[in-house]
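# Give me coordinates for this.
(one chain, ligands or ions: 1)
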Amino acid sequence: MQVTGKVVVVTGGANGIGKALCEAFHNAGAAKVVVADMDAANARAVAAMVDGAAFKCDVAQEKDIVHVIEETERQFGPIALFCSNAGIGGGFDPMSENAGGASDEPWQRSWAIHVMAHVYAARHLVPRMRARGGGYFLNTISAAGLLSQVGSPAYSTTKHAAVGFAENLAISHKAHNIKVSILCPQGVDTNMLRSIPKGPQSGDGDLTPEQVAKDVLAGLEQETFLILPHPQVLGYMRKKTENYDRWIGGMAKIQAKMREEFGK
Ligand SMILES: NC(=O)c1ccc[n+]([C@@H]2O[C@H](COP(=O)([O-])OP(=O)(O)OC[C@H]3O[C@@H](n4cnc5c(N)ncnc54)[C@H](O)[C@@H]3O)[C@@H](O)[C@H]2O)c1
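Numbering: from 1, shown residues only. A predicted model of the protein is given here:
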């Protein structure tokens, strides 16, 4: 798809990758870029830069997603592209004393933001898109959803679930001309990455959000399901499927090294 002349929504658009996506869509001639974020001040600042609109929205709340969809379509017209991009880090434990050890709260928060937010967007947009003959979802996930993020069980698990939902969304609605892409980078230089110690996610180099946004535009143009700003990820996926046990062994070595470094 080309975003030129289209109405686009970006959740988590106030900062980082989402902000770069808003700028890239505006520069590519989108008719209106809607920035939906909990961080209302920065959402307004980004909207002002891209001649867009801002909504304060907690993507974990279905009613907030409904409000963004209804108001965007009422004010600006049909949403052609909905980007579920908001995400949270947290729960990083380099020592991994117990992968299931964290309390329910961070698990449920990750589940709500990384998975249910994508479900809510589909729940309320698929009927509208079907009625008008198609649409596009771009879901920012992570290489952690295809591989794993050592030391971050809640992040890895919910990002895997997000891949599962996106696959099903694409399969269910191919016949309805609804397209889906998943954006799965490794390290990207944003507040989220800076909030955790440097680790294997940066092994192939951190990208700028602007570079990632360029890759997204190219991926949307080609309408590929998988958008991999770090092309190495495809090789790691191949290695994982070729020999799962060897792959687990390799990841466990990374975990061991991490324990050694952080245990000093
Ligand atoms: N930075 C990386 O290295 C990296 C790598 C792979 C995937 N990702 C994914 O990219 C996406 C964007 O992350 P980023 O790196 O730009 O981080 P960031 O912290 O710079 O931006 C995240 C944005 O999401 C917003 N947000 C968080 N929770 C929200 C909620 N409940 N409702 C609405 N908005 C909310 C924040 O206010 C913020 O503006 C996330 O889904 C993240 O998991 C990031």
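# and the stretch 151-264 of the chain, which residues reach the ligand?
Pro185, Gly187, Val188, Thr190, Asn191, Met192, Leu193 (Cβ under 6 Å from any ligand atom). Where C-beta positions appear, they are placed from N, C-alpha and C, glycine not excepted.
# If you tally nearby residues, what's the number for Asn42?
Neighbour count of Asn42, defined by other Cβ atoms under 10 Å: 18.
# swap in Ala47?
Using other Cβ under 10 Å: Ala47 sits among 23 other residues.
# In contact with it, which residues?
Cys22, Val33, Val34, Val35, Ala53, Ala54 (Cβ atoms under 8 Å, 6 or more residues apart in numbering).
# which SSE is the third one in?
With secondary structure defined by DSSP states H and E, Val34 is part of strand 32-37.
# what's in contact with that strand?
7-15, 18, 22, 25-26, 43-44, 46-47, 50-57, 59, 64, 68, 72, 76-77, 79, 86.
# contacts with the ligand among those, please.
Answer for those near the ligand (Cβ under 6 Å from any ligand atom): Thr11, Gly12, Ala14, Asn15, Gly18, Cys57, Val59, Ala86.
# what about the first one, how many residues close to it?
So the one you mean is Thr11. Neighbour tally, Thr11, other Cβ under 10 Å: 31.
# which regions of the stretch 101-250 of the chain lie under the pLDDT threshold?
Applying pLDDT under 70 to the stretch 101-250 of the chain flags no residue at all.
# That one: strands as residue ranges?
Along the stretch 101-250 of the chain, counting by DSSP state E, counting those that start in this stretch, strands occupy 135-140, 178-183, 226-227.
# The shortest one pairs with which strands, parallel or anti?
The reference is to strand 226-227. Partner strands for strand 226-227, per DSSP bridges, with pairing direction: strand 178-183 (parallel).
# Flag every buried residue along the partner strand.
Applying a neighbour-count criterion of 16 or more other Cβ atoms under 10 Å, one finds Ile178, Lys179, Val180, Ser181, Ile182, Leu183 buried in strand 178-183.
# how far off strand 135-140 does it point, in degrees?
20 degrees (axes from the mean of the first three to the mean of the last three Cα atoms, to 10 degrees).
# ok, the strand holding Val34 near the ligand or not?
Yes: under the criterion of Cβ under 6 Å from any ligand atom, the ligand is reached by strand 32-37 at Asp37.
# Mean confidence (pLDDT) on whichever helix or strand comes after that strand, please.
Downstream of strand 32-37, the next assigned helix or strand under DSSP H and E is helix 40-49. Averaged over helix 40-49, pLDDT sits at 98.
# Restricting the selection to alpha carbons, write helix 40-49 to PDB.
Provided in PDB are the C-alpha atoms of helix 40-49 (Å, rounded to 0.1, in the frame of the first residue of the first chain):
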ATOM      1  CA  ALA A  40      -0.700  13.300  25.900                       C
ATOM      2  CA  ALA A  41       1.800  16.100  25.900                       C
ATOM      3  CA  ASN A  42       4.200  14.400  23.400                       C
ATOM      4  CA  ALA A  43       1.300  13.100  21.400                       C
ATOM      5  CA  ARG A  44       0.200  16.700  20.900                       C
ATOM      6  CA  ALA A  45       3.700  17.800  20.000                       C
ATOM      7  CA  VAL A  46       4.100  15.100  17.400                       C
ATOM      8  CA  ALA A  47       0.600  15.800  16.000                       C
ATOM      9  CA  ALA A  48       1.600  19.500  15.700                       C
ATOM     10  CA  MET A  49       4.800  18.500  13.700                       C
END
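# So for that helix, what gets flagged as buried?
Neighbour-count burial for helix 40-49 [16+ other Cβ under 10 Å]: Asn42, Ala43, Arg44, Val46, Ala47.
# what's the angle between that helix and strand 32-37?
Using the same axes, to 10 degrees, helix 40-49 lies at 170 degrees relative to strand 32-37.
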